[in-house]
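Trainee: 3D model of this:
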Amino acid sequence: MKGISNRLLKLGFFSFFLLTSLNNYASFLDEQLQYARVKSAYTEKKPVIQQKLSSMDITLNNVNVMIKAYKHEQIVKIYVKKSSEKVWSVYKEFPYHCSSGYLGPKRAEGDYQIPEGYYHVNHFNPYSSFVLSLGVSYPNKADKIKSSASRKGGAIYLHGGCATIGCIPIEDEPIKEVYVLSVLGKNSGQSKIPIHIFPFEYSKEKYQFA
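Mentor: Now for the predicted structure:
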């Protein structure tokens, strides 16, 4: 009887530890929903996102996200896929609300240039001055190699509103949707959400004049 009691006691302690651990665990979505702006955006945009993903046979808890921005066209295209798939499909596209600089890469702080290259989301900012914002991992390795400037700049974001000295603004409603979708991607296990920024959307015709 004593042995059984000890085993029951150990089982009770283990169950208590397991339940406590589960209660203390918070998903990335849970963490983000602690912020008022994110919670509001999630409540507003979840039905829209869910309906669109459902039409693409993708669920909220099994979505990967990729962002591509084209400077000449001033368009941001959002791509999605299931975690297990390799082929991306266009989810939606949103226009820049304004822009700065000219075609060509960013090389120094204060040059007003939007970067060009392969990046990823490195910051989810729920306290943005422009509703919500997603950080771009500029400068990447290529930027550091190709720039001789001592200060190459940083704090590049995809955000709402209409103001930029090197960021990509897409207005308030679109950034809410893209932000929430990106949170869902990370919550689905996506370690890095790509942000690719190009001078223009490549085609045979455009490439001839590049």
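Trainee: relative to Ala163, how far out is the closest residue to Leu33 other than its chain neighbours?
Mentor: Nearest residue to Leu33, sequence neighbours excluded (Cβ to Cβ, 6 or more residues apart in numbering): Lys39, at 5.0 Å. Just so you know, the C-beta spots here come from the backbone N, C-alpha and C atoms, and that holds for glycine as well. For Lys39, the distance to Ala163 equals 25 Å [Cβ to Cβ, to the nearest Å].
Trainee: residue boundaries of the helices in this protein?
Mentor: 2-24, 28-32, 36-55, 141-146, 172-187, 204-208 (DSSP state H).
Trainee: which one of the ones you listed has the poorest average confidence?
Mentor: The weakest mean pLDDT among the helices of the chain belongs to helix 2-24, with a mean of 47.
Trainee: burial of Leu132, as a residue count?
Mentor: 28 (other Cβ atoms under 10 Å).
Trainee: which residues does Leu158 bridge with?
Mentor: Following DSSP bridges, Leu158 is listed with bridge partners Leu134, Ile168.
Trainee: near it, how many other residues are there?
Mentor: The number of residues near Leu158, taken as other Cβ under 10 Å, comes to 27.
Trainee: contacting residues for it?
Mentor: Under the criterion of Cβ atoms under 8 Å, 6 or more residues apart in numbering, the neighbours of Leu158 are 67, 69, 76, 133-134, 136, 167-168, 170, 175, 178, 195.
Trainee: return the member of the residues you listed nearest to Leu53.
Mentor: Checking the contacts of Leu158 against Leu53 with Cβ to Cβ, the nearest one is Val178 at 13.5 Å.
Trainee: quick one: Ile67 and Val76 touch, right?
Mentor: Yes. If you go by Cβ atoms under 8 Å, Ile67 and Val76 touch, sitting 6.5 Å apart.
Trainee: quick one: pLDDT of His97?
Mentor: 89.
Trainee: need the contact list for Ile49.
Mentor: Contacts of Ile49 by Cβ under 8 Å, 6+ apart are 60, 177, 180-181, 184.
Trainee: which of these tops the neighbour count?
Mentor: Leu184 (28 neighbours).
Trainee: between helix 172-187 and the longest strand along the chain, find me the angle.
Mentor: Assignment by DSSP state E gives strand 117-125 as the longest strand of the chain. Here the directions of strand 117-125 and helix 172-187 differ by 100 degrees (axes from the mean of the first three to the mean of the last three Cα atoms, to 10 degrees).
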